[in-house]
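# Kindly return the folded structure for what I paste below:
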Amino acid sequence: MRKEGILIGLALLLFVQFVSAEILISQPSGMYNYGDQLNVSVTVIPKSNANDFFTASVICGDSTIEVYRSALGTSYGTNRVIPVEIVFDRTIVGDLNGVCNVKAEYGPDSATSQSFEITDNVKVSFVSDSALVEPGKAVGITGQAVKSNGKDLNGFVDILLQGTDVIAHEIVKDGKFGSKFLIPSNTAAGNYILTANAYEKPNNEITNTGNASSIVKVKSVVSGADIALSAQDLIPGEILTYSVVLYDQTNQPIQSQEMSVELYGNEKNLIFKKLIKSGESSTLAITSNFTPGNWVLDAKGAGLETTRSFGVNELQNASYEVVNGTLFITNTGNVPYNKPIQVSIGGESDVKDISLDVGEIREFRLLAPDGEYPIEIVQGDNTYTLGTSFLTGNAIAVQDVQGLFTSSKYSAGIWLAIIIILIFIAMKYYKKIREINGPKIFNSPSEKYGLPRERQKTNDKSNGVNSGDPVPLVKNVLDMPRNRERMERREFNRKVERKEFERPRYNQERRENEVIRMEKEQEREEMPVQRKISAYNPPAMVMRKTGPGVEHGLREEAALVAVKIRNMPEIQDSDSNAKESVIKVDRIFDESGAKIIRDRNSILAIFSTHRFAEQAYAKAIELAKTVESVLLDHNRRYVHKVAFGVSLHSGELITEHIGNDFKYTSVGNAIPLTKGLAERAQSEVAVSEAAVTKVRSFVKLQRVQNDNYWKVLGAIEGRDGKYNEFIGQFMKRQKGGW
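Numbers count the residues shown, from 1 in each chain. Have a look, this model is predicted:
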């Protein structure tokens, strides 16, 4: 019995030691930053009297730091409260962070607190006063920094613009900071990251850090401009490629900035003015109307102006063309052409000295026995093969057609003089014919005063006058001296017996007045009838050979329409929609009903007033505006543009109409002027001064400043008269398109 009692006592003693106390831990905060202090209280409720060590530790994952250890004696019924305090300083806790808790141990008993987090994070935010800044300008920012525990940061902030040398160091007080810094003037345009790094630095050791970032865009600022040219010296026929180059603050090119470009001739006269975008290339065709000397391109925009000059060199050049046995030589250079050429016809040659002003055309008639002959021109080291032509004549020769039939600037006046002379000769000849059957010296008073023919014959025979004798003629009664007329009448009266006449004698004044009246009536019959001349004069007949194949020509007025495609070689080498639009324009010309002339880069339509009368100009302006509409519509819709110009001119031609076709030769420079005007037109219809009065009644016109032509704005709606049908169709096309 005694042994059993001892064993039971020992068991009870061991049980009492195992449950000697209960441990309770107060609730810690949920978040702690480095530098914060942990304050918890641990309550030990003893179940018996005990003496042992009490410890408290902070456990974060696999890391444990003992923060409290002390010997503790307890008595049953008496609770013990133990405060546990620790500052989360890196010198104490090191890199301890994350989710943690406090573990308290007393003897065999232990307890764990609720979890909390230790961190060094700081929430940083800021705003700038401008998201788009210019180089050389200051940028200001304001921000705040709050630690993860919700307390304001008191420390520092570093502000950095990445990619530049911009850095600012500011103080953070009670969670707030601000700064103002300068963007360097040489900062390249683009987007930059602006960062703000906030932190605490107790004991020269950085703790509790945070950062924020934002995008700052630095603008491109124009700091310089220049004009780039493909060549510095050019000759007519070459293409100048130019572009306006703008530079930013780092000398990098700026694209797509609109600039105004003006071209000035060597006499400082404005040639054209247009808008282009920086960095984009434009072309300028150097034609024969570019006189030798310095030409200037002037570009303005973005607060800058720059100029660049280029030289146009002298060019003596001519083009050669054979049409219907006539050789046409045109000065296509920009200075007078003075050179000899060798004309070869079927192997036989002739040399001609050529002297042409700028743009002048000279003609030579090629003669040879009937047949086809190859024609060649040798000029210096160049040989031009003009193909074969059917020639007629007695021998091979090159005949200068200079004078009346040349296309010089004086030909119109010469033709007018010839026509006046021919009319004068015709009137003289007609008057002479009239005089043969007109007034004459009367053989008797009865014949003079209109007695019956039988009595006249009787009187003539009775006086021995043969009625079959020729009657003497005079040029004109009014031109004869009066005394001569009286003498002839007296002579006549002496030959005729007065008793044979019953008619009373008229006094001398009465007879003279009657003669004058008769002669004036005759003159009125000879004078041409004066008719009212309309705006469209009927053509005058020219009875001589006036040009290639024109034997009996009509001098008439014509409406001429030309379209110039400046980038035709580029379009022909491409597979773009521009080629289809050019083909469409060519078809429109064919359908116009006019005489069509084509060359490499242009199409010319001639509307003869002999054929179309007053509708010639209506059809001409309709064709011009239709072509303009088609090409402008193409340029709006497609990337590959058509560089074009359309012109309308009124000029004179010598024509020979054969069925629905006609042969022609130009009077003066009507055809070259029309083509030249199309060359100057900039995607518009240009109307020459000569044609303005012809089309002003049914289209709106506006004069182009600093140039000698007008451009068409549109048809005049609602006008009465003969152009209503044309205007209706034209407006319908303008609204509906092709």
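# Buried residues, stretch 249-267. List them.
For stretch 249-267, burial by neighbour count (16 or more other CB atoms under 10 Å) applies to 249, 254, 257, 259, 261, 262, 263, 264, 265. For glycine as for every other residue, the C-beta is placed from the backbone atoms N, C-alpha and C.
# and residue 712, how many neighbours?
Per other CB atoms under 10 Å, the neighbour tally for residue 712 reads 20.
# Just give me the least confident of the buried residues of stretch 249-267.
Ranked by pLDDT, those bottom out at residue 249 (78).
# Which of the helices or strands spans it?
Assessed by DSSP states H and E, residue 249 sits outside every helix and strand.
# Need phi/psi at it.
Dihedral pair for residue 249: phi -70, psi -20, per degrees, to the nearest 10.
# how about the helices in the protein?
Assigned by DSSP state H, the helices in the chain fall at 2-18, 90-93, 411-436, 445-448, 453-462, 482-495, 508-526, 568-572, 577-591, 609-612, 615-637, 670-680, 689-695, 724-736.
# shaky segments in the stretch 451-600 of the chain?
For the stretch 451-600 of the chain, the stretches flagged by pLDDT under 70 are 451-553.
# cool, the chain as well?
Along the chain, the parts satisfying pLDDT under 70 run over 1-20, 402-414, 434-553, 659-660, 666-667, 717-738.
# Kindly format the C-alpha coordinates of stretch 41-51 as PDB.
Extracted in PDB, the C-alpha atoms of stretch 41-51 (Å, rounded to 0.1, in the frame of the first residue of the first chain):
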ATOM      1  CA  SER A  41       2.200  42.600 -23.100                       C
ATOM      2  CA  VAL A  42       2.300  38.900 -22.100                       C
ATOM      3  CA  THR A  43       0.200  37.700 -19.100                       C
ATOM      4  CA  VAL A  44       1.300  34.600 -17.300                       C
ATOM      5  CA  ILE A  45      -1.500  32.900 -15.300                       C
ATOM      6  CA  PRO A  46       0.200  30.300 -13.000                       C
ATOM      7  CA  LYS A  47      -1.700  27.000 -12.200                       C
ATOM      8  CA  SER A  48       0.800  26.300  -9.400                       C
ATOM      9  CA  ASN A  49       3.900  27.700  -7.900                       C
ATOM     10  CA  ALA A  50       6.800  27.600 -10.300                       C
ATOM     11  CA  ASN A  51      10.300  29.100 -11.000                       C
END
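# Tell me which residues are up against that stretch.
Residues outside stretch 41-51 that contact it (CB atoms under 8 Å, 6 or more residues apart in numbering) are 16-17, 19-26, 54, 56, 71-84, 104, 106-107, 111.
# Check stretch 173-188 too.
126, 133-146, 152-154, 157, 159, 161, 164-166, 168, 170-171, 196, 198, 218, 248-250, 252.
# Now restrict the contacts of stretch 41-51 to buried residues only.
Neighbour-count burial (16+ other CB under 10 Å) is assigned, among these, to 20-21, 23, 25, 54, 56, 72, 74, 80, 82, 84, 104, 106-107, 111.
# Between those residues, which sits nearest residue 226?
Nearest to residue 226, judged by CB to CB, of the buried ones among the contacts of stretch 41-51 is residue 84 at 77.7 Å.
# is it true that residue 338 touches residue 355?
Yes - taking contacts as CB atoms under 8 Å, residue 338 lies within contact range of residue 355: 5.1 Å.
# Let me see the ranges of the strands in the stretch 101-250 of the chain.
Using DSSP state E, counting those that start in this stretch, the strands of the stretch 101-250 of the chain run over residues 109-112, 116-119, 122-128, 132-133, 138-147, 155-161, 167-172, 176-182, 190-200, 207-218, 224-229, 233-234, 239-247.
# For the third one, buried residues please.
Right, strand 122-128. Buried, per 16+ other CB under 10 Å, within strand 122-128: 122, 123, 124, 126, 128.
# Inside strands: which ones of the buried ones among the contacts of stretch 41-51?
Judged by DSSP state E, the subset of the buried ones among the contacts of stretch 41-51 located in strands is 21, 23, 25, 54, 56, 72, 74, 80, 82, 84, 104, 106, 111.
# residues contacting the last one?
Right, residue 111. 23, 24, 25, 42, 103, 104.
# ok, and the closest non-adjacent residue to it?
Once flanking residues are discounted, residue 111 sits nearest to residue 23: 3.8 Å by CB to CB, 6 or more residues apart in numbering.
# Next: the fourth one.
Take residue 54 and drop its neighbours on the chain: the residue closest to it by CB to CB, 6+ apart is residue 72, 4.1 Å away.
# Was I right to think the one you found contacts residue 109?
No - between residue 72 and residue 109 there is no contact under CB under 8 Å: 11.3 Å.
# who touches the nearest residue to residue 171 once chain neighbours are set aside in this structure?
In space, and not counting its chain neighbours, residue 171 is closest to residue 156: 6.0 Å by CB to CB, 6+ apart. Listed by CB under 8 Å, 6+ apart, the contact set of residue 156 reads 169, 170, 171, 172, 198, 199, 200, 201.
# Just the CA trace of the lengthiest strand in the chain, in PDB.
For the chain, the longest strand by residue count, based on DSSP E, is strand 644-658. Only the C-alpha atoms of strand 644-658 are listed here, as PDB (Å, rounded to 0.1, in the frame of the first residue of the first chain):
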ATOM      1  CA  PHE A 644      -0.500  68.200-114.200                       C
ATOM      2  CA  GLY A 645      -1.700  71.500-115.700                       C
ATOM      3  CA  VAL A 646      -4.500  72.300-118.100                       C
ATOM      4  CA  SER A 647      -4.700  75.400-120.300                       C
ATOM      5  CA  LEU A 648      -7.200  77.100-122.600                       C
ATOM      6  CA  HIS A 649      -6.200  79.600-125.300                       C
ATOM      7  CA  SER A 650      -7.700  81.400-128.300                       C
ATOM      8  CA  GLY A 651      -5.600  81.600-131.400                       C
ATOM      9  CA  GLU A 652      -5.600  81.700-135.200                       C
ATOM     10  CA  LEU A 653      -4.900  78.900-137.500                       C
ATOM     11  CA  ILE A 654      -4.800  78.400-141.300                       C
ATOM     12  CA  THR A 655      -6.900  75.200-141.900                       C
ATOM     13  CA  GLU A 656      -8.100  73.100-144.800                       C
ATOM     14  CA  HIS A 657     -11.200  71.100-143.900                       C
ATOM     15  CA  ILE A 658     -11.500  67.600-145.500                       C
END
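# mind listing what it pairs with, with the direction of each?
Looking at strand 644-658 with DSSP bridges, its partner strands are strand 553-565 (antiparallel), strand 661-666 (antiparallel), strand 685-687 (parallel).
# gap between that strand and the chain center?
Between the centre of strand 644-658 and the centre of its chain there are 27 Å (CA atoms, centre = their mean, to the nearest Å).
# Quick check: buried residues in it?
Neighbour counts over strand 644-658 (16+ other CB under 10 Å) mark 644-657 as buried.
# Ok, stretch 562-577 next?
Buried residues in stretch 562-577, counted by 16+ other CB under 10 Å: 562, 563, 564, 565, 566, 567, 568, 571, 576.
# go on, stretch 313-322?
Judged by neighbour count (16+ other CB under 10 Å), stretch 313-322 contains these buried residues: 315, 316, 317, 318, 320, 322.
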